[in-house]
Structures are given as structure tokens and as C-alpha cells.
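> Curious how this folds, go ahead:
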Amino acid sequence: FFFPNGIAMVVHSGGMLARGGASHATGRVGAPRQASAKGAGRNPRPRSAARRDGIAKTSHAIISRNAPSRVSLDKTSPAKGKRSQIVCHAAQLDAGASSDGVNWKLVFYFVLWYAFNIIFNILNKSTLNIFPKPWLLSTIQLGAGVLWMMGMWVLRLQPVPRITPRLLRVLAPIALFHVVAHVSACVSFSKMAVSFTHVIKASEPVFTVLVSSIFMGKSFSGMTYLSLVPIVCGCSLAAMKEISFAWGGLSGALISNLGTVLRSICSKQLMDEFKEIDGINTYALISAIGLVYLAPVAYLVEGATWSAGWASAVQASGSAAKFIQLLAAGGVFYHLYNQVSFQALTGISPLTFSVGNTMKRIAVITSSILFFKNFVSPLNWVGTALAIFGAYMYSNSR
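Residues are numbered from 1 along each chain as shown. All right, here's what the predicted structure looks like:
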């Protein structure tokens with residue numbers, strides 16, 4: 001039988017099975033007949049054999065969501081003395097999933113997320129090497145994202161979000177902690193190797209547990225607390241032999257972790273209350289509000305040194321055009337990797353996203369070491385592996 005909502009009902013002998021998505025329900029139509037006296041002395045066929053016969057005679061129906069409802073039933077007589085069976089198939093797939101069960105759209109998001117993040121980290125560190133002004137650079141990167149989204153809205157490539165006072169109040173703290181996390185990370189990148197900064201940022205679960213336990217009264221499993229041990233030990237070991245170690249860089253990475261955790265906590269209300277706003281517009285609004293926060297503070301902190309720093313960076317780049325291209329590329333890839341991560345987050349569970357983020361950090365650490373040819377001692381490798389393993393344990397214990 002065919003229904004307009006995409007459900008096919010197939011009739012055959014044996015019993016009743018209803019299937020919808022991943023759920024299954026079984027029911028029976030009619031009652032089994034009592035064995036007759038005539039057949040009492042015979043050896044009955046095994047029930048499995050009867051079921052196989054019934055399945056072999058299954059009637060078939062084909063559904064089209066876009067076609068009118070219609071019935072196509074190939075009548076078959078059930079085996080004598082056996083029960084009738086009705087099988088209902090709700091042939092529905094998860095959004096974006098293909099017939100083989102793989103959500104290729106989500107896979108595509110993850111590939112872009114990793115690729116854009118790797119490119120951004122290389123461009124960002126290359127810029128900071130000749131222009132060590134992390135506050136201004138962070139402002140430019142947020143501004144590039146805002147300009148990118150304004151172009152998409154003007155060209156109608158992305159629907160313009162409906163902005164309300166309530167939405168702005170919810171986004172305000174998220175944007176603030178996003179700015180804290182980004183600027184602090186840029187400060188860390190300006191003082192230490194990209195690989196070591198990401199090793200320290202792998203300690204983010206420690207801040208999650210501390211903040212959630214102290215300020216929100218949450219409790220965690222024993223495995224979660226146990227996973228923090230290799231994270232702390234790994235970061236400590238990696239720091240012992242790190243050539244680029246600097247206290248300013250270490251504090252920047254730790255503050256970035258705190259900002260990221262607080263942003264995640266505040267984002268839960270946004271995701272629950274404003275589900276009509278997609279990930280692209282969500283991050284665009286966060287960038288716009290964050291730019292308002294950051295620009296005046298950046299000028300107060302670094303404004304007096306921007307002119308001299310700009311001249312030095314132009315000289316190191318070879319021309320002002322090349323330096324501006326480097327700044328623009330870094331800003332675009334910063335926006336794109338964050339935008340794609342927001343898009344990926346809307347289609348998966350927080351656990352999957354956390355595991356993906358851990359694996360992404362491995363890719364960034366490895367690529368930055370290869371690109372910048374940083375020396376990594378055996379103790380650094382052991383500490384890095386231990387910290388990443390702890391982060392993976394934490395992700396799977398939640």
C-alpha cells in the first residue's frame with residue numbers, strides 16, 4: 001500500500017513488522033490455528049521454513065513522495081494453516097544521508113573544516129612572523145568575515161537573518177567570549193610555535209570540567225576525571241623541551257581555552273531558543289558583534305605601534321599589495337573555517353563534534369610542524385601524543 005508520507009506496506013505470510021527510520025515494531029494479525037487431529041501425527045515444518053516461504057511470497061510496493069498515492073499489490077495466497085503477516089516499511093533516511101548510510105554532506109563539511117583550519121593557521125602564523133600585532137590582526141580577521149557575509153546578503157546568496165533585541169542579548173556574551181578566545185589564541189601564536197599552542201589548547205577539557213563543576217554544579221563520570229590526567233601530564237611534558245616556550249604564549253593559550261568553554265556554555269541557549277537561524281548567519285552575527293567589542297580595545301592596546309609595524313611588514317613582504325593579500329586571505333579562511341564548523345555542529349551531536357575537534361588538532365599540529373619545520377624533541381612528541389589521547393578519552397567519556 002502507498003501513502004503520501006512515504007510509507008510502504010507490504011503483505012506476506014508469517015507475522016507483522018512495522019519499520020520507521022531506525023525503529024522496529026512487531027505485531028501479529030490473527031491467531032495461530034490449532035493443529036488438527038488429522039495432522040497431529042505428522043512432523044510439522046520448522047517455523048523458520050514457513051517464515052522463509054512467507055518472505056519469498058512477499059508482495060511488493062513502490063513509493064514516490066512526489067507521485068500521487070497509489071496501490072500496487074501482487075496478491076499471493078498465504079501458506080495453508082499459516083499466519084498472515086504484514087510488513088510496513090517507513091523508507092525514510094536521515095537528512096543528507098545517502099542510500100548507503102553515509103552523510104556525505106557532513107563528511108564534506110568536516111573535510112572543509114580541517115582544510116580551512118590548516119590553511120588559516122599557516123597564513124596566520126606567517127603574518128604574525130612579520131607583523132606581530134595580534135590585536136589588530138584579530139580585528140582584521142573578524143572584519144573580513146563581516147564583509148564576506150555582507151556580500152552574501154547583498155547578492156542574496158544567504159538569507160538575511162531576522163534580528164530581534166532578544167537575539168542580540170543572547171548573542172552578546174557569546175560574541176564577547178568568542179573575541180576573548182580568538183585574541184588570546186592570536187597572542188599565543190605570536191609568541192610560540194603553532195604546534196605547541198595547539199598542544200596547550202588540547203587542555204580545553206580541563207577548563208570545561210572545572211567551570212562546569214564549580215559554577216554550574218555539574219558532576220562527571222570517573223572516566224571523565226581520569227581523562228584529565230594524561231591531558232595535564234602531556235601538556236607538561238611537551239612544555240619541558242619546547243624551544244619556543246614563552247609564558248605570554250602559554251597564558252594566551254590557557255585564556256583562549258577558558259573563553260572557548262564559556263562561549264560553548266552560552267551557546268546552548270542560542271541553539272535551543274533560536275533554531276531558525278542557521279550556522280552561517282549565527283557565526284556572521286557573532287563576528288559583527290565581536291568586531292564592535294574588539295576594534296576600540298585593539299586600538300587602545302596596540303594602536304601606538306601599528307604604523308611602525310605596518311611599514312616593517314610591507315618591507316618584509318616585498319610590497320604593500322602582497323602584505324594586504326596575506327591579511328585578506330587569512331581573514332577569509334578564518335571566517336570560512338569557523339563558519340563550516342558551525343554548519344557541521346548543527347548536524348551532529350556534541351560528542352561527535354568534540355571527537356572531530358580533537359582529530360582536527362592532530363592535523364593542524366602535524367601540518368604546522370611540516371610547513372614551518374619546527375624542531376620537535378622526542379619528549380615533545382610523547383607529551384603531544386599523551387595530551388591528544390587524553391582529549392580523545394574525554395570526548396568518548398561524555
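> Skip the chain neighbours and tell me the closest residue to residue 170.
Nearest-residue entry for residue 170: residue 270, 5.3 Å, with adjacent residues in sequence omitted and distances by Cβ to Cβ, 6 or more residues apart in numbering. (Glycine included, C-beta is placed from N, CA and C.)
> which residues does that neighbour contact?
Applying Cβ atoms under 8 Å, 6 or more residues apart in numbering, one finds that residue 270 lies in contact with 170, 171, 174, 282.
> residues contacting the third one?
Yep, that's residue 174 we're talking about. Counting by Cβ under 8 Å, 6+ apart, residue 174 makes contact with 263, 266, 267, 270, 286.
> residues of stretch 123-136 that come out buried?
Using 16 or more other Cβ atoms under 10 Å as the test for burial, stretch 123-136 gives 123, 124, 125, 126, 127, 128, 131, 132, 133, 134, 135, 136.
> What backbone torsions are found at residue 103?
Here is the backbone geometry of residue 103 (degrees, to the nearest 10): phi -90, psi 90.
> Could you measure from it over to residue 201?
Separation of residue 103 from residue 201 (Cβ to Cβ, to the nearest Å): 28 Å.
> show me where pLDDT drops low in the stretch 251-398 of the chain?
Of all residues in the stretch 251-398 of the chain, those with pLDDT under 70 make up the ranges 269, 346-351, 398.
> How about the stretch 1-150 of the chain?
Across the stretch 1-150 of the chain (using pLDDT under 70), the flagged ranges come out as 1-101.
> Please repeat the previous calculation with a cut-off of 50.
Within the stretch 1-150 of the chain, the segments meeting pLDDT under 50 span 1-42, 47-95.
> Neighbour count for residue 103 and residue 201, which is higher?
Neighbours were counted for residue 103 and for residue 201 using other Cβ atoms under 10 Å; residue 201 has more, 24 against 17.
> Now do the more buried one, the pLDDT please.
Turning to residue 201, the model gives it a pLDDT of 91.
> what's the closest non-adjacent residue to it?
For residue 201, the spatially nearest residue (Cβ to Cβ, 6+ apart) is residue 253, at 5.5 Å.
> didn't the one you found look like it was pressed against residue 195?
No - the pair residue 253 / residue 195 is not scored as a contact, 11.7 Å apart, by Cβ atoms under 8 Å.
> burial measure for residue 389, as a count.
Neighbourhood size, residue 389 [other Cβ under 10 Å]: 16.
> Repeat that for the one 4 residues further on.
The criterion is other Cβ under 10 Å. On that basis, residue 393 has 19 neighbouring residues.
> re earlier: and the residue nearest to residue 170, how far is that from residue 341?
For residue 270 relative to residue 341 (Cβ to Cβ), the value is 15 Å.
> And residue 377, by the same measure?
Distance, residue 377 to residue 341, using Cβ to Cβ: 31 Å.
> So for stretch 147-156, what gets flagged as buried?
For stretch 147-156, the neighbour count (16+ other Cβ under 10 Å) marks 148, 149, 152 as buried.
> Sorry, slip of the keys, the one I care about is stretch 240-252.
Using 16+ other Cβ under 10 Å as the test for burial, stretch 240-252 gives 241, 242, 245, 249, 250, 252.
> and those, which of them are in helices?
Of the buried residues of stretch 240-252, the ones assigned to helices by DSSP state H are 249, 250, 252.
> For residue 279, which non-adjacent residue is spatially closest?
residue 342 (3.4 Å).
> my guess is the one you found meets residue 281, correct?
No - counting by Cβ under 8 Å, residue 342 sits too far from residue 281 to count as a contact (9.3 Å).
> who has more neighbours, the two?
Neighbours were counted for residue 342 and for residue 281 using other Cβ under 10 Å; residue 281 has more, 22 against 19.
> Output the helix or strand harbouring the more buried one in CSV with nothing but the alpha carbons.
Using DSSP states H and E, residue 281 maps to helix 279-302. Below are the C-alpha coordinates for helix 279-302, written out as CSV (Å, rounded to 0.1, in the frame of the first residue of the first chain):
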residue,chain,number,x,y,z
GLY,A,279,25.1,28.2,11.4
ILE,A,280,26.2,30.6,8.7
ASN,A,281,24.1,33.5,10.0
THR,A,282,24.8,32.6,13.6
TYR,A,283,28.6,33.0,13.1
ALA,A,284,28.1,36.1,11.0
LEU,A,285,26.2,37.9,13.8
ILE,A,286,28.8,36.7,16.3
SER,A,287,31.5,38.2,14.2
ALA,A,288,29.7,41.5,13.8
ILE,A,289,29.1,42.0,17.5
GLY,A,290,32.6,40.8,18.3
LEU,A,291,34.1,43.4,15.9
VAL,A,292,32.3,46.1,17.8
TYR,A,293,33.8,44.8,21.1
LEU,A,294,37.3,44.3,19.7
ALA,A,295,38.1,47.3,17.5
PRO,A,296,38.3,50.0,20.2
VAL,A,297,40.2,47.8,22.6
ALA,A,298,42.7,46.8,20.0
TYR,A,299,43.4,50.4,19.3
LEU,A,300,44.0,51.1,23.0
VAL,A,301,46.3,48.2,23.4
GLU,A,302,48.4,48.4,20.2
